[in-house]
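Asks: got a structure for you, letters missing:
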């Protein structure tokens, strides 16, 4: 059974697209055929972050409006066997998306894919609504920061009431992904801790992704961050993918790393 | 029997009335939108009171309420109401032409439903932007209420988690209503329209198990 997963947040700039790319790539690396869809019409980024921007011919809106077939618009990600991207349109606006159109695309993808990852735009308006409407599960990306927590809470309320599953009396399975986490700043009392955020949002914790240079580097290179296996962010994302697939593994990157003597002498 | 909100008109000072009304509606705008009300003229039915009933009805309409009729008015008031298209409801004691100027000792609250409905039970967190209203009864929340959420009840409110957001008990005027919570972080608490914001809550009580209730028209916050 294909699973539709929305990556959403409410707040902008918290790491939805990075996460969509990372989770999508992580699932593909585990052998699952995965499609990542960009719902941010007019402000598309997913194609950039996944290194596909020079191969975009047709996009999501073209498929909905019948200008192109789905297989013409889907782009296979280089060096990743099971990973495909459906880019958003850059020239249109989000009114070009319709619920029926999105449903048709998702139904067609369900015929051949194991996972459909929907990269939501920021906000709670139409684009975000379409991204979450058909979801079976939701990854709510949150920064350890008060406005992000409040917006994520709002989004959780919408998932519980305005998704198709909610309309049919079922539930969307909710996961918390805490991104840009800095144990050092938490211990200095500058940043909300994992426990603070978990208590405020009251949903199960999928993963904690540390603040990392690797994210910017990967993004600018057009490579999903998980491909850079050695970085902390990559490992944290792969852990999150494992938990998403059902394995219960302990959370790393939550404790402040104790610096060795050299670390303390030369800073970090 | 249809429960209808009764608005007791206590004075002819419509400017002051408009301000009070606007303040009350601001606390829970969704609640008052489209609410039918009956105007009770008992306190102002003595001949010296001159109430501009059409103007009063328009003021109510501005705030989204729907005046549907009057009762306990004097003859002139009843005529004004009728001319304006409002219903003249029978007096609660079977109809009287004149009335003595003695106020009733028990002040009728602005409309309490005759019977309490069963309590409304919420098992999931009440999220930011959500509004829950327990009409005709109590509200029991077995999870937390997030900042930016609103919970209202005609009766009591119990929150067995953390209460952030706004909690309004006794919204139809029941002054005996109370708010009980495990952890008080509410942005605003109110009983029968008398409210307090978090900033004005005693620092010692913030974040603790507390109850909020009215004592002689004063809002009291006490440790549970």
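Replies: Looks like it came in fine. Small disclaimer: the values here were computed from a predicted structure and weren't measured.

Asks: from here on, just use CA atoms for contacts and neighbour counts.
Replies: OK.

Asks: so which residues of the stretch 51-200 of chain A form helices?
Replies: A:60-64, A:70-73, A:99-110, A:126-133, A:146-162, A:164-167, A:183-187, A:194-201 (DSSP state H, counting those that start in this stretch).

Asks: ok, which of the ones you listed comes nearest chain B?
Replies: Comparing the helices of the stretch 51-200 of chain A by their distance to chain B (Cα to the nearest Cα), the top pick is helix A:146-162, with 4.8 Å.

Asks: do that closest one and chain B meet?
Replies: Yes. Judged by Cα under 8 Å from any Cα of the partner chain, helix A:146-162 comes into contact with chain B through A:150-151, A:153-154, A:156-157.

Asks: report the buried residues of that helix.
Replies: A:148-161 (16 or more other Cα atoms under 10 Å in any protein chain shown).

Asks: residue A:76 reaches residue A:56, doesn't it?
Replies: No. Using Cα atoms under 8 Å as the test, residue A:76 is too far from residue A:56 to be in contact (10.6 Å).

Asks: mind putting the buried residues of helix A:146-162 in JSON lines, distance to residue A:140 and pLDDT included?
Replies: JSON lines is the format used below for the buried residues of helix A:146-162 (distance: Cα to Cα, whole Å; pLDDT from 0 to 100):
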{"residue": "A:148", "distance to residue A:140": "10", "pLDDT": "96"}
{"residue": "A:149", "distance to residue A:140": "10", "pLDDT": "96"}
{"residue": "A:150", "distance to residue A:140": "12", "pLDDT": "95"}
{"residue": "A:151", "distance to residue A:140": "10", "pLDDT": "96"}
{"residue": "A:152", "distance to residue A:140": "7", "pLDDT": "97"}
{"residue": "A:153", "distance to residue A:140": "9", "pLDDT": "96"}
{"residue": "A:154", "distance to residue A:140": "11", "pLDDT": "96"}
{"residue": "A:155", "distance to residue A:140": "8", "pLDDT": "97"}
{"residue": "A:156", "distance to residue A:140": "8", "pLDDT": "97"}
{"residue": "A:157", "distance to residue A:140": "12", "pLDDT": "95"}
{"residue": "A:158", "distance to residue A:140": "12", "pLDDT": "96"}
{"residue": "A:159", "distance to residue A:140": "10", "pLDDT": "96"}
{"residue": "A:160", "distance to residue A:140": "13", "pLDDT": "94"}
{"residue": "A:161", "distance to residue A:140": "15", "pLDDT": "93"}
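
Asks: closest one of those residues to residue A:251?
Replies: Distance to residue A:251, by Cα to Cα, is smallest for residue A:149 among the buried residues of helix A:146-162, at 20.0 Å.

Asks: apart from its neighbours in sequence, what residue is nearest the closest one?
Replies: Closest residue to residue A:149 apart from its sequence neighbours, by Cα to Cα, 6 or more residues apart in numbering or on different chains: residue A:142 at 6.2 Å.

Asks: list the contacts for the one you found?
Replies: By Cα atoms under 8 Å, 6 or more residues apart in numbering or on different chains, residue A:142 lies in contact with A:9, A:14, A:148-149, A:152, A:176-179.

Asks: again with residue B:169
Replies: Applying Cα under 8 Å, 6+ apart, the residues near residue B:169 are B:152-157, B:177-179, B:190-192.

Asks: can you check residue A:164 too?
Replies: Contacts of residue A:164 (Cα under 8 Å, 6+ apart): A:133-135.

Asks: can I get the helices of the stretch 51-200 of chain A in TSV with distance to residue A:120?
Replies: TSV is the format used below for these (distance: least, Cα to Cα, whole Å):
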stretch	distance to residue A:120
helix A:60-64	13
helix A:70-73	19
helix A:99-110	13
helix A:126-133	5
helix A:146-162	11
helix A:164-167	16
helix A:183-187	28
helix A:194-201	19
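
Asks: ok, which of those comes nearest residue B:50?
Replies: Closest approach to residue B:50 among these (Cα to Cα): helix A:146-162, 49.1 Å.

Asks: which other helices and strands contact that closest one?
Replies: Helix A:146-162 is packed against helix A:126-133, strand A:137-142, helix A:164-167, helix A:194-201, with contacts defined by 3 or more Cα pairs under 8 Å, 6 or more residues apart in numbering or on different chains; DSSP states H and E.

Asks: who in the stretch 151-268 of chain A is up against chain B?
Replies: Counting by Cα under 8 Å from any Cα, the stretch 151-268 of chain A sits next to chain B at A:151, A:153-154, A:156-157, A:200, A:202.

Asks: can you give the domain ranges for chain B?
Replies: For chain B, the structural domains run B:5-93, B:120-223, going by automatic domain parsing.

Asks: residues of chain B that sit close to chain A?
Replies: Proximity of chain B to chain A, by Cα under 8 Å from any Cα, involves residues B:125-130, B:146-147.

Asks: helix or strand with the lowest mean pLDDT in chain B?
Replies: helix B:29-32 (a mean of 82; mean pLDDT, DSSP states H and E).

Asks: also chain A?
Replies: helix A:261-266 (a mean of 56).

Asks: about what we covered before: so can I have a markdown table of the residues of chain B next to chain A showing pLDDT, secondary structure and neighbour count?
Replies: Putting the residues of chain B next to chain A into a markdown table (pLDDT from 0 to 100; DSSP: H, G, I helix; E, B strand; the rest coil; neighbours: other Cα atoms under 10 Å in any protein chain shown) gives the following:
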| residue | pLDDT | secondary structure | neighbour count |
| --- | --- | --- | --- |
| B:125 | 94 | coil | 23 |
| B:126 | 96 | strand | 28 |
| B:127 | 95 | coil | 27 |
| B:128 | 93 | coil | 23 |
| B:129 | 91 | coil | 18 |
| B:130 | 93 | coil | 18 |
| B:146 | 94 | coil | 26 |
| B:147 | 92 | coil | 21 |
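
Asks: can you add distance to residue B:83 and give the residues you listed back as a markdown table?
Replies: Output for those, formatted as a markdown table (distance: Cα to Cα, whole Å):
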| residue | distance to residue B:83 |
| --- | --- |
| B:125 | 50 |
| B:126 | 46 |
| B:127 | 47 |
| B:128 | 46 |
| B:129 | 42 |
| B:130 | 42 |
| B:146 | 48 |
| B:147 | 47 |
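
Asks: so which of those is the closest to residue B:88?
Replies: When the residues of chain B next to chain A are compared against residue B:88 (criterion: Cα to Cα), the nearest one is residue B:130, at 38.0 Å.

Asks: what about the stretch 151-268 of chain A, any weak spots by pLDDT?
Replies: For the stretch 151-268 of chain A, applying pLDDT under 70 flags the ranges A:257-268.

Asks: how about a cut-off of 50?
Replies: Within the stretch 151-268 of chain A, the segments meeting pLDDT under 50 span A:267-268.

Asks: what does chain B give?
Replies: B:94-113.

Asks: what helices or strands is the lengthiest helix in chain B leaning on?
Replies: Taking DSSP state H as the criterion, chain B has its longest helix at helix B:14-27. Using 3+ Cα pairs under 8 Å, 6+ apart, no helix or strand is in contact with helix B:14-27.
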